[in-house]
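In: sequence and predicted model, in that order:
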Amino acid sequence: MELYQLTAHELGRLIKDRKASAVEITGSLLDRIEKLDSSLESYITVCKEESLKRAQSVQDKIDRDGPVSPLAGIPMALKDNICTMGIKTTCASKMLENFVPPYDATVVKKLYNSDAILLGKLNMDEFAMGGSTENSFFKQTKNPWDLERVPGGSSGGAAASVAAHESIFSLGSDTGGSIRQPASFCGTVGLKPTYGAVSRFGLVAFASSLDQIGPLTKDITDCALVLNAICGYDSMDSTSVKTDYPDYTKALVNDVKGMKIGIPRDYLGEGLNPDVKRAVLDAAETFRRLGAEVEEFPLPITEYAIPAYYLIACAEASSNLARYDGIKYGYRAEKFTDLLDLYRQTRSEGFGNEVKRRIMLGTYALSSGYYDAYYKKALQVKTLIKKGFDEAFEKYDMVIGPTSPTTAFKIGEKAENPLEMYLVDIYTVSVNIAGLPGLVVPCGKDANGLPIGLQMIGKPFSESTLLRAGYTFEQNTEFHKNKAEI
Amino acid sequence: MKITKETIEHVANLARLNLSEQEKEKLTLEMASIISYVDKLNELDTEGIQPTSHVLPVQNVFREDICSQSFDRDTILSNAPSSEDGCFKVPKVVE
């Protein structure tokens, strides 16, 4: 067993017992990246010297005081839309190709304070818009289980790096499924926390009412450790929630007896791959066998979630991305006639096709005469979606279902049809619209040997319930032990 | 609602994007197909339903107006595509 193959909690034990140093562990990961990433292409930036230097200073601290944090000396990587002071943060866009943030995102500060080691920044769909990482300006990240397939997206690099042991854990962001779907495609654990539980300060904004940062990890225990490190109120994010955040490791209990679990019937209908359906129903059976009460229930609003989501997300994106004008930071076109032309040329050259498409859709939805028909209508549907889940959580502790209708698809397979690409978000977007937490755990493989992820959805701030269920599932199944052979 | 090339040109102007003829044609088709799909929402009766802009009961968030450490000028200008004498440089705006 190589060091890079271990989980954060396993490495934490080795560090504590003085059987491995932060420098050795970081070196093991850097070697792995050097050997593998030219074919996997999960990283945009690798911070080789800085990470070794930091590992040494963390090790010195451990030698002096012992490991104070469970993440001390653990190598991690971040999606490239999370600001890191002095390290390029590109959003996988030509627009921010050379952008070096003058500050750290709150989550980065928190992880540095936990003595985690930053290995580098991870590839993604440009500005987090996409579900395959095919929209990156820089490179195409592959799926570690099959290099001809996509890793999912938009946090494709974040999922692939964890699944291929090029990072111990990573942070992604999730606006409509961008942590959960790649976690499902790559066979990792992925958590989209409750809206407001993790500070968005320093996360480059896509759709502010939906965006949330969360961890991608090798198992549920690591997920709880990372969530402990990053959650909490932050005065720098006005949507951050002041509440008592529990110690999530307390939720790592192997017991779901009496837990009430609902499966939306509308998550099992047309368009769902039969292998995925079987894996989800098997997972439901596992919970039942372990003493949970599982039943199906109707959630008919599901079919309206995608149109509502794309209207809200694109409208907010068109507003958020108005800041890229070539003046204060980012790309500026070389040739232009006047100020207005500078804006236009800069934006036309700096943004990729999918970003332009979403800006156009959002601008249209917000434009005079169409606002009520589209944006306001979508916000009314948001009310109905939230109500649908509120009612479900009166009966159930947790809702489970598939994460994505399919397993990882081939690179290029859906690239030509934007609408088809949008439709695969059907089971994930409602969670963002309603601000709920969603946890994905590996629950099987399809006929091609590709991983399938089970999605578990809870009421706001019920991460402990999800982690407990996820932990129980993990302790009673072997799926999380399957690793990509790469 | 029908998406025409004129719609695309109007919206592109609002969004400050220059589109090639080819991009306009492609976007006209793509936007038409996406918009006809989102028109599905009209199947739902939302009469009297309050729009939700925020899932949390968060209203305005205020803080005391206190001076605190900010960035120095050089740091902020370090990412500027063009700057001069401590200022962002832009093309002439006023004749």
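Out: Yep, that arrived. Nothing here was measured: the structure is a model prediction, and the numbers come from that model.
In: so for the chain, the centremost residue is which one?
Out: No chain was given, so I picked chain A. A:Ile179 (2.1 Å; CA atoms, centre = their mean).
In: that's the wrong chain, I meant chain B
Out: For chain B, by CA atoms, centre = their mean, the most central residue is B:Ala15; offset 6.9 Å.
In: for it, which non-adjacent residue is closest in space?
Out: Distances taken as CB to CB, 6 or more residues apart in numbering or on different chains put A:Thr363 closest to B:Ala15, at 4.3 Å, once the chain neighbours are dropped. For every residue, glycine as well, the C-beta is placed using N, CA and C.
In: same deal with B:Ser82?
Out: That would be B:Lys89: by CB to CB, 6+ apart, it lies 4.1 Å from B:Ser82.
In: what are the ranges of the helices in the stretch 251-400 of chain A?
Out: Per DSSP state H, counting those that start in this stretch, the stretch 251-400 of chain A carries helices over the ranges A:274-289, A:305-320, A:339-350, A:353-366, A:377-395.
In: can you redo those as a markdown table with mean pLDDT and distance to A:His165?
Out: A markdown table is the format used below for those (pLDDT from 0 to 100; distance: least, CB to CB, whole Å):
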| stretch | mean pLDDT | distance to A:His165 |
| --- | --- | --- |
| helix A:274-289 | 98 | 24 |
| helix A:305-320 | 97 | 32 |
| helix A:339-350 | 97 | 34 |
| helix A:353-366 | 97 | 30 |
| helix A:377-395 | 97 | 36 |
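In: shaky segments in chain B?
Out: Where chain B drops to pLDDT under 70, the residues are B:1.
In: top helix in it by residue count?
Out: helix B:21-38 (DSSP state H).
In: give the other helices and strands that that one contacts.
Out: Secondary-structure packing of helix B:21-38 (3 or more CB pairs under 8 Å, 6 or more residues apart in numbering or on different chains; DSSP states H and E): helix A:305-320, helix A:353-366, helix A:418-423, helix B:5-14.
In: can you list the buried residues in it?
Out: Neighbour-count burial for helix B:21-38, counted by 16 or more other CB atoms under 10 Å in any protein chain shown, picks out B:Glu23, B:Leu27, B:Thr28, B:Glu30, B:Met31, B:Ala32, B:Ile34, B:Ile35, B:Val38.
In: mind putting the helices of the stretch 251-400 of chain A into JSON lines with distance to A:Asp425 and mean neighbour count?
Out: Shown next, in JSON lines, are the helices of the stretch 251-400 of chain A (distance: least, CB to CB, whole Å; neighbours: other CB atoms under 10 Å in any protein chain shown):
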{"stretch": "helix A:274-289", "distance to A:Asp425": "15", "mean neighbour count": "18"}
{"stretch": "helix A:305-320", "distance to A:Asp425": "6", "mean neighbour count": "25"}
{"stretch": "helix A:339-350", "distance to A:Asp425": "25", "mean neighbour count": "20"}
{"stretch": "helix A:353-366", "distance to A:Asp425": "13", "mean neighbour count": "24"}
{"stretch": "helix A:377-395", "distance to A:Asp425": "14", "mean neighbour count": "19"}
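In: nearest to B:Glu84, out of these?
Out: Closest to B:Glu84 of the helices of the stretch 251-400 of chain A is helix A:339-350 (CB to CB; 15.6 Å).
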